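Engineer: missing the sequence, but the structure's below:
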């Protein structure tokens, strides 16, 4: 199975700050990577797919980048509603696997 | 509007089975895969498997073979997951989510608690 190592496990950011979350795959995944946001007690929501494509309806302050084994999610200008857990997920090979998550809080 | 409505919370005894449902609306059920996922409290998300709404073809995570069985009822646009021989390790929130590779719509999740 492809292992997805996500970092950091947690971070806190001030409103307006730019934050980055990284995901490292155990092998190359050819940009087959998605990012999800999960607010407390809710279902995950798709933010980014194909490493850098913004899902419809997602604010443009969210962006994704990367290639090969290294990928990142950037939030340009932290907003109160961005406090949540974030997960990466690879779809290059079955079984589909997720990163262990990053808890993002407001400082 | 696409909606995935899951059945309610379950409290089941060890060794028993449970069947979860995911009723969909707002899209053509037979044109999409449905995936099922597991999330233990404060934990990572695990992909259990997927099923194609058109013909019921399935794919499973090897870890969940023998534990989960996925089916669909096209007439009611509903997906089902049977979980068998339940243990405390199966206590978790289970989600259905539209898609075979990435998941653009999710059910609200259902908590399954295995306890005597």
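Structural biologist: Great, that's in hand. Since the structure is predicted, the reported quantities are computational estimates derived from the model, not experimental observations.

Engineer: which SSE is the spatially most central residue of chain B in?
Structural biologist: Nearest residue to the geometric centre of chain B (C-alpha atoms, centre = their mean): residue B:36, 3.7 Å. Using DSSP states H and E, residue B:36 sits in strand B:33-39.

Engineer: Name every strand pairing with that strand and say which way it goes.
Structural biologist: Strand B:33-39 pairs in its sheet with strand B:45-52 (antiparallel), strand B:92-98 (antiparallel), by DSSP bridges.

Engineer: can you list the residues of chain B near chain A?
Structural biologist: Neighbours of chain A within chain B, by C-beta under 8 Å from any C-beta of the partner chain: B:35, B:44-47, B:59, B:61-63, B:95, B:97, B:101-104, B:106-109. In short, each C-beta sits where N, CA and C put it, glycine included.

Engineer: What subset of those residues is buried?
Structural biologist: Buried members of these, scored by 16 or more other C-beta atoms under 10 Å in any protein chain shown, are B:35, B:45-47, B:59, B:61, B:95, B:97, B:101-103, B:106-107, B:109.

Engineer: that older thread, residues in contact with the strand holding residue B:36?
Structural biologist: Residues from elsewhere that reach strand B:33-39, judged by C-beta atoms under 8 Å, 6 or more residues apart in numbering or on different chains: A:96, B:20, B:22, B:24, B:45-53, B:64, B:68, B:70, B:72, B:79, B:81, B:92-100, B:103, B:109.

Engineer: Give me the distance between it and the centre of its chain.
Structural biologist: When distances are taken as C-alpha atoms, centre = their mean, to the nearest Å, strand B:33-39 is centred 5 Å away from the chain's centroid.

Engineer: With stretch B:84-101 instead?
Structural biologist: Stretch B:84-101 sits 6 Å away from the centroid of its parent chain (C-alpha atoms, centre = their mean).

Engineer: Could I get the buried residue list for it?
Structural biologist: B:86, B:90-101.

Engineer: As JSON lines, those residues with pLDDT would be great.
Structural biologist: Formatted as JSON lines, those follow (pLDDT from 0 to 100):
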{"residue": "B:86", "pLDDT": "98"}
{"residue": "B:90", "pLDDT": "97"}
{"residue": "B:91", "pLDDT": "97"}
{"residue": "B:92", "pLDDT": "97"}
{"residue": "B:93", "pLDDT": "98"}
{"residue": "B:94", "pLDDT": "98"}
{"residue": "B:95", "pLDDT": "98"}
{"residue": "B:96", "pLDDT": "98"}
{"residue": "B:97", "pLDDT": "98"}
{"residue": "B:98", "pLDDT": "98"}
{"residue": "B:99", "pLDDT": "97"}
{"residue": "B:100", "pLDDT": "95"}
{"residue": "B:101", "pLDDT": "96"}
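
Engineer: okay if I get those residues as JSON lines plus distance to residue A:82?
Structural biologist: Formatted as JSON lines, the buried residues of stretch B:84-101 follow (distance: C-beta to C-beta, whole Å):
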{"residue": "B:86", "distance to residue A:82": "37"}
{"residue": "B:90", "distance to residue A:82": "33"}
{"residue": "B:91", "distance to residue A:82": "30"}
{"residue": "B:92", "distance to residue A:82": "26"}
{"residue": "B:93", "distance to residue A:82": "22"}
{"residue": "B:94", "distance to residue A:82": "26"}
{"residue": "B:95", "distance to residue A:82": "22"}
{"residue": "B:96", "distance to residue A:82": "26"}
{"residue": "B:97", "distance to residue A:82": "22"}
{"residue": "B:98", "distance to residue A:82": "24"}
{"residue": "B:99", "distance to residue A:82": "24"}
{"residue": "B:100", "distance to residue A:82": "28"}
{"residue": "B:101", "distance to residue A:82": "25"}
